[in-house]
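Engineer: Generate coordinates for the sequence data below:
(one chain, ligands or ions: 1)
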Amino acid sequence: MARRNDFGVASRTTCENYLQVSLSFIVSAAAICRCVPCVQSCSAVPLITIDYHSQKTQFLCTVSYYKIRSQMFSVSKIVFYPFIKNFCCLDNILQIYPRIKRKTTSSSGTNIRKDEKQQKHEDIPVENIRNFSIVAHVDHGKSTLADRLLEMTGAITKNSGTSQVLDKLQVERERGITVKAQTASLKYTLNSREYLLNLIDTPGHVDFSSEVSRSLAACQGVILLVDANQGVQAQTVANFYIAFGKDLVIIPVLNKIDLKNADPVAVSGQLRTLFGFSENDILKVSAKLGTGVEDVLKAIVNRLPPPPVNRDAPFRALLFDSWYDRYRGAVILVYVTDGTVQVGDEIVTMHSGKNYEIKSVGLLRPYEEPTYKLSAGQVGYLTCNMRSTKEACIGDTLHHRNQPVSVLPGFKSANPMVFAGVYPMDQSQHVTLRSAIEKLILNDSAVTVSTDSSPALGQGWRLGFLGLLHMEVFSQRLEQEYDAQAIITAPSVTYKARIFGEKNVKHYGGSEITITNPAYFPDPCIVTEFLEPMVMGTIITPDTYLGSVLSLCMERRGTQQSSTNIDNHLVMMKFLLPLNEIVVDFHDHLKSISSGYASFDYEECGFVPSKLVKLNILLNGIIVEELSMVVHASKASSAGRKICLKLKDIIPRQLVEIAIQAAVGGKIVARETLKAYRKDVTAKLYGGDVTRRKKLLDRQAEGKKKMKLVANIKLPREAFIDVLKR
Ligand SMILES: Nc1nc2c(ncn2[C@@H]2O[C@H](COP(=O)(O)OP(=O)(O)OP(=O)(O)O)[C@@H](O)[C@H]2O)c(=O)[nH]1
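Structural biologist: Numbers count the residues shown, from 1 in each chain. Predicted coordinates for the structure are as follows:
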């Protein structure tokens, strides 16, 4: 059945005549790299024949998942021909791509089984599908529970050495947090019925909450995981209300019951008081040890409804995630709500109206596993030669060409809260950085981009993030995944201003303008009022720390809205806080004053009038535009003092004295003086009259004064970078 072709050639006829494709190539890493584009262009599961140095050493393998170099290559099944002589060829591949699994059965047998397996995947009836997500506060054990679920359903092997399988990004593994929602389709048999459980693991940190709400669009239920040691935390409350608001079935699960300090009884009480669960609903597990996890699987099957979909209707799917693959372009993750879609179908994306031919479809188990088709109710990926990163629009509806359907409700676009400038290290890296940002945005659609420029840092972009951690993770991913070095400037938030006067309104293009960059702060004379963004913060803290938490919130201009006792020890408080005050270090401060016990979460709460001013920084009387910032009037002097001191440390001393000033309008609010280098002009004098000494010093002072008049203070680029970056 396997045919020997020339190296790397997979003819189209072979593609069409067989379910599999025959390829011949020399066994080496390069060969596999060269083979993969051919494999990708075929619309069937490929069968690869390898000719090792013309010794007719052949084996077959069905490729189910492959990625090259920085990513991963994986061949799920390798079938040996009986006449294999040289096994070292296989070992070569195994060394390079350790995820290849060996299997020695007859080729035909395997193919039949593969077909059967694919049939089963596609044909699992809708009643046996459950789509769910795991939501929880940071570190309450979502990824650990997901690992156990994967193990118990056979998607990964036990003790495979890989923990937190769904945290695939390097940044996630390094920081031990989830930043990107991940999907895995699990097969689970209960009472001899086979179920397909589509699990979406979501991030816990507030900065990635847009990932959570997007993932929930494909789910009918959630597992609300709570650490039995820490109890209900701010993010637990937020996640509960997101799921509740979307009418999803919520399965409350207490995790970490194996810990010595775990108090499942008290935490169950908190869940009952706050959310009205009954004791019988609450499951108790240890995700780490696997205790009780089987009950979670049963609860998913028994308590969650199947997806409300129609397989007989024309194909319709919701695009809810995407990522970039350098060989296949955009890979998009869809939730099929109606009909079926298969390789070779022509589809249209509603947003752009563009046509595409489906090149491959499959499920994530948790690695890509190609299937023949995707049916309604399933969550799977598809590739369709989407080359431009802008084409995969999150929330878009897909349908078959010539079979229009109604639009699915999309997503409320995430509102960026924090803005920062991103510039290349030097301008020669501008193009590289631009393409890296574009590709990363495909994977992280919450980031907004606009171009920006600065005399000191050159051409760059102003990026909007959901929070500070989001910004840090984005810059780390730029570096790790795309090898792009960037300077990220200090973050700021968006303000608004109401303009008066017809001429001014015309000039600014509206009576209410948004200020994302202090450089565009309007003249206060033409502004009726400035507005600043507020958030409703939820803080849950043990009552021992109540005093210090309250004074921190007051200091940050917060006003208390409510206070509820969750139980005898925990208090939940709501504060209205200016976003600007919490964006940088509020969370760190809160953790340090409460020994790590208080938790914080926030949601946007609109804009309110505020007394905002632009703080200018002057060097010897000249404004340095890049260093200016927008602050609340009451904080102008302290912010000014801070930046003047920082500048004094960073700016190298020069031949003239430099006055570093912070000013609001014409009023100087802070000042530091950087002393000039002073040559010891009296060094040559030995003894003599004191007037000679004075004369020399006077002459030096005169010279310095003149120099100050003509000197142009230039900040070296490095000093700028030091001040501008956080
Ligand atoms: N003792 C014990 N530790 C657990 C259990 N479940 C999780 N952990 C530990 O808790 C820590 C956090 O677990 P993760 O699974 O990363 O938590 P997460 O909710 O996915 O974290 P984020 O994605 O950052 O929100 C890890 O050190 C786990 O080993 C459990 O049942 N018992």
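Engineer: What residue in the stretch 451-600 of the chain comes nearest to the ligand?
Structural biologist: Nearest residue of the stretch 451-600 of the chain to the ligand: L469, at 10.2 Å (Cβ to the nearest ligand atom). The C-beta positions use only the backbone N, C-alpha and C, and glycine is treated the same way.
Engineer: My reading is that that residue lies in a helix. Confirm?
Structural biologist: Yes - looking at L469 with DSSP: H, G, I helix; E, B strand; the rest coil, it is inside a helix.
Engineer: ok now do the nearest residue to it once chain neighbours are set aside, which residues does it touch?
Structural biologist: Nearest residue to L469 in three dimensions, chain neighbours excluded: D207, at 4.5 Å (Cβ to Cβ, 6 or more residues apart in numbering). If you count contacts by Cβ atoms under 8 Å, 6 or more residues apart in numbering, D207 has them with F465, L466, G467, L468, L469, H470, V473.
Engineer: try 6 Å this time
Structural biologist: By Cβ atoms under 6 Å, 6 or more residues apart in numbering, D207 lies in contact with L466, G467, L469, H470.
Engineer: shaky segments in the stretch 301-450 of the chain?
Structural biologist: Along the stretch 301-450 of the chain, the model assigns pLDDT under 70 to residues 388-390, 410-414.
Engineer: Distance to K246, neighbour count and pLDDT for the contacts of D207 - can I get that in TSV?
Structural biologist: Below are the contacts of D207 laid out as TSV (distance: Cβ to Cβ, whole Å; neighbours: other Cβ atoms under 10 Å; pLDDT from 0 to 100):
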residue	distance to K246	neighbour count	pLDDT
L466	19	23	80
G467	22	23	76
L469	24	20	78
H470	23	26	82
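Engineer: ok, which pair from the residues you listed is furthest apart?
Structural biologist: Spanning the widest gap among those are L466 and L469, at 8.7 Å by Cβ to Cβ.
Engineer: the strands in the stretch 551-700 of the chain, which residues?
Structural biologist: With strands called from DSSP state E, counting those that start in this stretch, the stretch 551-700 of the chain shows them at 559-565, 570-578, 599-610, 612-619, 622-623, 629-632, 658-664, 667-674.
Engineer: and the shortest one, how far out from the chain's middle?
Structural biologist: Mean C-alpha position of strand 622-623 versus that of the full chain (Cα atoms, centre = their mean, to the nearest Å) differs by 38 Å.
Engineer: now that strand: mean pLDDT?
Structural biologist: Average pLDDT, strand 622-623: 82.
Engineer: What lies in contact with it?
Structural biologist: N616.
Engineer: Pull up the pairing partners for that strand, direction included.
Structural biologist: strand 612-619 (antiparallel) (DSSP bridges).
Engineer: which other residues reach the partner strand?
Structural biologist: So strand 612-619 is contacted by 521, 530, 623-624, 627-631, 633, 636, 639-640, 658, 661-664, 713 (Cβ under 6 Å, 6+ apart).
Engineer: try 8 Å this time
Structural biologist: Contact with strand 612-619 is made by 495, 518, 521, 524, 530, 532, 623-624, 627-633, 636, 639-640, 643-644, 647, 651, 658-665, 669, 713, 715, as judged by Cβ under 8 Å, 6+ apart.
Engineer: Give me the buried entries from the residues you listed.
Structural biologist: Buried by 16 or more other Cβ atoms under 10 Å: 495, 518, 521, 530, 532, 624, 627-632, 636, 639-640, 643-644, 647, 651, 658-664, 669, 713, 715, out of these.
Engineer: Please, where are all the helices along the stretch 151-300 of the chain?
Structural biologist: Under the criterion DSSP state H, counting those that start in this stretch, helices of the stretch 151-300 of the chain are mapped to 170-175, 209-216, 234-245, 264-275, 293-303.
Engineer: Dump those helices to CSV, plus distance to the ligand and mean neighbour count.
Structural biologist: Below are the helices of the stretch 151-300 of the chain laid out as CSV (distance: least, Cβ to the nearest ligand atom, whole Å; neighbours: other Cβ atoms under 10 Å):
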stretch, distance to the ligand, mean neighbour count
helix 170-175, 8, 16
helix 209-216, 10, 24
helix 234-245, 8, 20
helix 264-275, 12, 18
helix 293-303, 9, 17
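Engineer: Could I get the strands of the stretch 551-700 of the chain in JSON lines, plus columns for distance to the ligand?
Structural biologist: Shown next, in JSON lines, are these (distance: least, Cβ to the nearest ligand atom, whole Å):
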{"stretch": "strand 559-565", "distance to the ligand": "24"}
{"stretch": "strand 570-578", "distance to the ligand": "19"}
{"stretch": "strand 599-610", "distance to the ligand": "12"}
{"stretch": "strand 612-619", "distance to the ligand": "35"}
{"stretch": "strand 622-623", "distance to the ligand": "43"}
{"stretch": "strand 629-632", "distance to the ligand": "31"}
{"stretch": "strand 658-664", "distance to the ligand": "39"}
{"stretch": "strand 667-674", "distance to the ligand": "40"}
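Engineer: weakest of those strands in terms of mean pLDDT?
Structural biologist: strand 622-623 (a mean of 82).
Engineer: Quick check: residues of the stretch 1-150 of the chain near the ligand?
Structural biologist: Applying Cβ under 6 Å from any ligand atom, we find that the stretch 1-150 of the chain lies next to the ligand at A136, V138, D139, H140, G141, K142, S143, T144.
Engineer: Just flag the most distant two among these.
Structural biologist: V138 and T144, at 12.9 Å, using Cβ to Cβ across those.
Engineer: what touches both of these two?
Structural biologist: The contact sets of V138 and T144 do not overlap (Cβ under 8 Å, 6+ apart).
Engineer: Tell me where the model's unsure across the chain.
Structural biologist: The chain contains residues with pLDDT under 70 at 1-122, 157-180, 204, 206, 388-390, 410-414, 455-456, 707-726.
Engineer: so where's the longest strand in it?
Structural biologist: Ranked by residue count under DSSP state E, the longest strand found in the chain is strand 527-542.
Engineer: buried residues in it?
Structural biologist: V527, F530, L531, E532, P533, M534, V535, G537, T538, I539, I540, T541.
Engineer: Including distance to A486, could these go into a markdown table?
Structural biologist: Formatted as a markdown table, the entries for the buried residues of strand 527-542 read as follows, by distance: Cβ to Cβ, whole Å:
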| residue | distance to A486 |
| --- | --- |
| V527 | 33 |
| F530 | 31 |
| L531 | 31 |
| E532 | 28 |
| P533 | 25 |
| M534 | 30 |
| V535 | 27 |
| G537 | 30 |
| T538 | 33 |
| I539 | 34 |
| I540 | 36 |
| T541 | 37 |
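Engineer: Now distance to the ligand too, for these, in CSV please.
Structural biologist: Below are those laid out as CSV (distance: Cβ to the nearest ligand atom, whole Å):
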residue, distance to the ligand
V527, 42
F530, 36
L531, 33
E532, 30
P533, 25
M534, 26
V535, 20
G537, 19
T538, 17
I539, 18
I540, 16
T541, 20
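Engineer: Which of the helices of the stretch 151-300 of the chain sits closest to R387?
Structural biologist: Checking the helices of the stretch 151-300 of the chain against R387 by Cβ to Cβ gives helix 209-216 as the closest, at 23.5 Å.
Engineer: what bridges to the closest residue to D426 other than its chain neighbours?
Structural biologist: Spatial nearest neighbour of D426, excluding adjacent residues (Cβ to Cβ, 6+ apart): G458 at 8.0 Å. Counting by DSSP bridges, G458 forms beta bridges with S454.
Engineer: before we move on, the earlier item: kindly provide the distance from the residue nearest to L469 to the ligand.
Structural biologist: 11 Å (Cβ to the nearest ligand atom, to the nearest Å).
Engineer: Show me whatever sits in contact with both of L466 and L469.
Structural biologist: Common neighbours of L466 and L469, counting by Cβ under 8 Å, 6+ apart, are D207, F208.
Engineer: For T189, the count of nearby residues, please.
Structural biologist: Using other Cβ atoms under 10 Å, T189 has 12 other residues around it.
Engineer: Okay, and the beta partners of it?
Structural biologist: Bridge pairing for T189 (DSSP bridges) gives the partners E194.
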